[in-house]
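Q: With the input below, show me the fold.
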Amino acid sequence: MTARICLTLFLLSAIPAWSQTTPGTSNPGTTTSSTPDTTSSDQEPAETPQPEDKMAVPPPVSGQAYPVLAGAEERSNYLTVGATAGVAYTDNVQAITGTKEVSDTIYSIRPLITLDRNTPVFRGEFTYNPGFTWYQPTSALNETDEVASTNLVYHPGPNVAFDLQDAFVRSSSLFSSPLGLAGGGIGGGLPIEAAGALVAYADRISNIGKLGFTDQTGENTMVGLSGQYNVLDFPNPTQVNGLYNSTAWDGSAFAAARLSTRQYFGGQVQHSRTVSFLTATDSSVVTDNLLPFYTIFLHNTKQSTFSISAMGGPEHYTASEYPEADIQGWTGAGTFAVGWQGHLSSLAANYSRYLTGGGGLPGAYLTNAATGYFRRELTQTWAANVSVTWANNKNETPTFPQSQPGGHSFMADVSVEHSFTRDLKAQLGYDRTQLDYADIGNVALFPNANREYVSLTYLFNKPLGK
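A: Residues are numbered from 1 along each chain as shown. From the prediction side, this is the model:
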């Protein structure tokens, strides 16, 4: 991971610094790293339509997450360095002793560095956000987190784009994301792994890598290819009895047509394979999908994007767990997604239904999952955030010896922010976690928790190219 970070920094630093006024890409699914600008006006700016000749990549196949910041907060061509210090109280840390519920006070410090470069032909975004957390009295849960992400988009021609993404997390807390439980990673596509059972205080390592290519082949037609590779690892199996390490990969191709200025229709074929590494054997799930999709952009300007997308179709699956016979079948898979980025508000929401494996669970599971994130600038110095995540996993391979009945999870977070200056802000929030998995260690013993937290963030921002 260190080599990857160094290579990314080298590639980004090798690109000359351009002026901040350089226009960015017009892909409405691209997430922009930024820092709130509390001096922005509360007035909606005049709408500037996107160029008619350039197609947007529809969210179901873009591979990008929806923006989580309002348009007035966005910046590009910036270097941001800072840190967040926080204090939280939780009524249940799912103590590793497994004997009783324990309430803890949690102290944390999270440094941050973000490098963002934006030109007409290149977009590069790198974020490194480690963390240091101390628990009292359960000091055995003290942890050091590593969170890093890279998002590169390159346009070798006006209608061709390559994008590369990588996200690495090493943590023992569900609450390591600075954007709340949803984490801001909500897209319009279909996941390739089961939502899984999240143990709130267990060591885990995950890495997600994506590579995509799109080409606007005609005035109203577009094609694309993509690949994704996921790794999930639990370094301490005793903390997650009933969960297992897994890997997943997929390859997909799509074709899309622009029916009108704001309407897109197309289809995607996808092949994926997920492997869970069980005790003395492996469990794999192979899926093949044919997924038509439709997207309508109710707004698609440089100041505001608002899209609604639907994707759905047949899914064939084959589940294997040696020495049992394979289980095959058909089901329906699909997703419904909404993304909105206005001047003062942003919204991202996704509901998905699909069958796959992984996520720590053995066997094949029919997953229904929904995630939503909403942010609103209330005034020039106040903002509010709400995030909700829900997932239900039903076991479709009950005859496999190491299978589990499945379960469901629910997490919600509400917070408010106040900016004292352009660089200094405070956040106050509350979150609730409910987990129902009868056969997974500490989740079965102490499945629910409430947490209240307060944090102070200072960010230093340096424009690049000035």
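
Q: Check the separation of the first and last residues in stretch 318-332.
A: Using Cα to Cα, to the nearest Å, the end-to-end distance of stretch 318-332 comes out at 14 Å.

Q: Can you give the contact residues for that stretch?
A: Around stretch 318-332, the neighbours that count as contacts under Cβ atoms under 8 Å, 6 or more residues apart in numbering are 278, 281-287, 312-317, 353, 355, 357, 362-364, 366, 396-397, 399-403. Where C-beta positions appear, they are placed from N, C-alpha and C, glycine not excepted.

Q: Those residues in strands, which ones?
A: 282-287, 312-317, 353, 355, 357, 362-364, 366 (DSSP state E).

Q: dump the residue contacts of residue 70.
A: Counting by Cβ under 8 Å, 6+ apart, residue 70 touches 341, 342, 343, 344, 345, 346, 375, 376, 377.

Q: And stretch 337-350, what's buried?
A: 337-350 (16 or more other Cβ atoms under 10 Å).

Q: possible to save those as CSV with distance to residue 460, pLDDT and secondary structure?
A: CSV is the format used below for the buried residues of stretch 337-350 (distance: Cβ to Cβ, whole Å; pLDDT from 0 to 100; DSSP: H, G, I helix; E, B strand; the rest coil):
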residue, distance to residue 460, pLDDT, secondary structure
337, 35, 96, strand
338, 35, 96, strand
339, 30, 94, strand
340, 30, 93, strand
341, 25, 90, strand
342, 28, 89, coil
343, 26, 87, coil
344, 25, 90, coil
345, 27, 91, strand
346, 24, 92, strand
347, 29, 93, strand
348, 28, 93, strand
349, 33, 94, strand
350, 34, 94, strand
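
Q: Same list (the contacts of residue 70) but as a markdown table, adding distance to residue 130.
A: As requested, the contacts of residue 70 are exported to a markdown table (distance: Cβ to Cβ, whole Å):
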| residue | distance to residue 130 |
| --- | --- |
| 341 | 28 |
| 342 | 32 |
| 343 | 33 |
| 344 | 31 |
| 345 | 30 |
| 346 | 26 |
| 375 | 24 |
| 376 | 29 |
| 377 | 28 |
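
Q: low-scoring stretches of the stretch 101-250 of the chain, by residue?
A: Counting by pLDDT under 70, the stretch 101-250 of the chain has low-confidence residues at 175-184.

Q: mind running it again at 80?
A: Low-confidence segments of the stretch 101-250 of the chain, defined by pLDDT under 80: 101, 173-185, 196-202, 239.

Q: And the strands in it?
A: Using DSSP state E, counting those that start in this stretch, the strands of the stretch 101-250 of the chain run over residues 104-118, 122-128, 131-136, 143-157, 160-171, 204-218, 221-233, 246-258.

Q: Relative to residue 76, which of these is closest?
A: Closest to residue 76 of those is strand 104-118 (Cβ to Cβ; 3.9 Å).

Q: Just checking: what are the partner strands of the closest one?
A: Here strand 104-118 is paired, per DSSP bridges, with strand 78-90 (antiparallel), strand 122-128 (antiparallel), strand 131-136 (antiparallel).

Q: so of these, which one's packed in deepest?
A: Compared across these, strand 122-128 shows the largest average neighbour count, a mean of 20 (mean count of other Cβ atoms under 10 Å).

Q: distance between that one and the chain's centre?
A: 16 Å (Cα atoms, centre = their mean, to the nearest Å).

Q: Stretch 314-332 now?
A: Its chain's C-alpha centre and that of stretch 314-332 lie 28 Å apart, by Cα atoms, centre = their mean.

Q: Would you mind measuring the gap between the ends of it?
A: 5 Å.

Q: and that stretch, which residues are buried?
A: Here stretch 314-332 shows 315, 317, 319, 320, 321, 324, 327 as buried, counting by 16+ other Cβ under 10 Å.

Q: Give the rounded mean pLDDT of it.
A: If you average the pLDDT over stretch 314-332, you get 94.

Q: where does residue 451 sit relative to residue 87, distance-wise?
A: Distance, residue 451 to residue 87, by Cβ to Cβ, to the nearest Å: 11 Å.

Q: sorry, back to before: okay if I get the strands of the stretch 101-250 of the chain as TSV plus distance to residue 185?
A: TSV is the format used below for the strands of the stretch 101-250 of the chain (distance: least, Cβ to Cβ, whole Å):
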stretch	distance to residue 185
strand 104-118	16
strand 122-128	12
strand 131-136	17
strand 143-157	9
strand 160-171	8
strand 204-218	9
strand 221-233	13
strand 246-258	16
